[in-house]
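[1] Fold the following and give me the result.
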Amino acid sequence: MELGLTSFGLSFLAGVLSTLSPCVLPLVPILLGSSVSSHRMGPYALIVGLMASYTVIGVVIGSMGARIGLEADSLRVVGGLLLILFGAIMFSSVLQERFSGAISRLGVGQGLLARFNLDGLHGQFLLGMLLGIVWSPCVGPTLGVAITLASQGEALLQVGAVMLMFSLGAALPLLAIGMLSRQAMGRWRNRMLENGQKAKKVFGAALLLLGIFVLSGVDRTFERHAVNVMPDWLVILTSRF
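    Alright, predicted model coming up:
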């Protein structure tokens, strides 16, 4: 599976969907509200810290395939199987809950928040970094999709670029939601969560299809046809990394 606009776009969309998780969305106004009280630029520091955390986690895990010497074809098979797995998890609410529960029992990141001073910009940046760790079990399926896509990269820059797109996808909705009043958030929260679950089902079905395409080699055929019809500037852009 070559890295191109599809990989970056799917990773960005996975980041957007991660914000609509039931254990993330209700806390966003509270966290961003406390960030403002700590420093007027606090929300931005928190979100940059969250982006850095997601990116670091993804780069470390996503680059392991190349480091342990897996060949490109083996990575494709593993990546296709993982896309099918995460697609099934995102398509089923029951599987999402079981997956998050299994990962959360590892206790990753729990108890860290109470050990640090979170005042000021440095504190809010650290809070964002810690949230990336604490929220990882909750956003595991979407984060796993991004890491799977990133693992197909042949260089660290490719891996980092895909994870940066996931982080950006997670950050932009947080900023938008943070601008809502608490009254508006209260009115729209249930609708946002409901629409988020519907979007995850659609995304999960797309991942299942993509995983089947990867395992069958159809994605490479599609890619060849796409390159033939794409303008030169777009081909250069998608292969720059």
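
[2] so what's residue 193 up against?
    20, 22, 25 (C-beta atoms under 8 Å, 6 or more residues apart in numbering). Quick note: C-beta positions are derived from backbone N, CA and C, even for glycine.

[3] swap in residue 14?
    142-143, 145-146, 166, 169, 203.

[4] what about residue 22, how many residues close to it?
    15 (other C-beta atoms under 10 Å).

[5] ok, and the most crowded of the contacts of residue 14?
    Counting neighbours by other C-beta under 10 Å, residue 146 leads these with 33 neighbours.

[6] so that one touches residue 58, yeah?
    Yes - contact criterion C-beta atoms under 8 Å: residue 146 and residue 58 qualify, at 5.8 Å.

[7] which residues do the two both contact?
    162-163, 166.

[8] Switch these over to a markdown table, and while doing so, append secondary structure and pLDDT to every line.
    Shown next, in a markdown table, are these (DSSP: H, G, I helix; E, B strand; the rest coil; pLDDT from 0 to 100):
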| residue | secondary structure | pLDDT |
| --- | --- | --- |
| 162 | helix | 87 |
| 163 | helix | 89 |
| 166 | helix | 91 |
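
[9] from those, which is closest to residue 35?
    Proximity of these to residue 35 (C-beta to C-beta) peaks at residue 166, which lies at 21.6 Å.

[10] which residues sit in contact with the closest one?
    If you count contacts by C-beta under 8 Å, 6+ apart, then residue 166 has 11-12, 14-15, 18, 54-55, 58, 142-143, 146 around it.

[11] Would you agree residue 161 is in contact with residue 55?
    No - at 9.7 Å, residue 161 does not count as touching residue 55 under the criterion of C-beta under 8 Å.

[12] ok, the two, which is more surrounded?
    Comparing residue 161 with residue 55 by other C-beta under 10 Å, the one with more neighbours is residue 55, at 24 against 20.

[13] Excluding chain neighbours, what is closest to that one?
    Spatial nearest neighbour of residue 55, excluding adjacent residues (C-beta to C-beta, 6 or more residues apart in numbering): residue 163 at 4.6 Å.

[14] most residues in a single helix of the protein, which one?
    Longest among the helix segments of the chain by residue count, using DSSP state H, is helix 182-216.

[15] Sort out for me which of the contacts of residue 193 are in strands.
    Members of those lying in strands (criterion: DSSP state E): none.

[16] can those residues go into TSV with extra columns for pLDDT and distance to residue 136?
    Formatted as TSV, those follow (pLDDT from 0 to 100; distance: C-beta to C-beta, whole Å):
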residue	pLDDT	distance to residue 136
20	79	16
22	72	15
25	77	16
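
[17] Residue 43: which of these is nearest?
    Nearest to residue 43 among the contacts of residue 193: residue 25, at 15.7 Å, using C-beta to C-beta.

[18] What strand or helix carries the residue nearest to residue 128 when sequence neighbours are not counted?
    Spatial nearest neighbour of residue 128, excluding adjacent residues (C-beta to C-beta, 6+ apart): residue 49 at 2.4 Å. Assigned by DSSP states H and E, residue 49 belongs to helix 42-62.

[19] Distance of residue 32 relative to residue 215?
    Residue 32 sits 41 Å away from residue 215, going by C-beta to C-beta, to the nearest Å.

[20] same question, residue 94
    According to C-beta to C-beta, residue 94 stands 25 Å off from residue 215.
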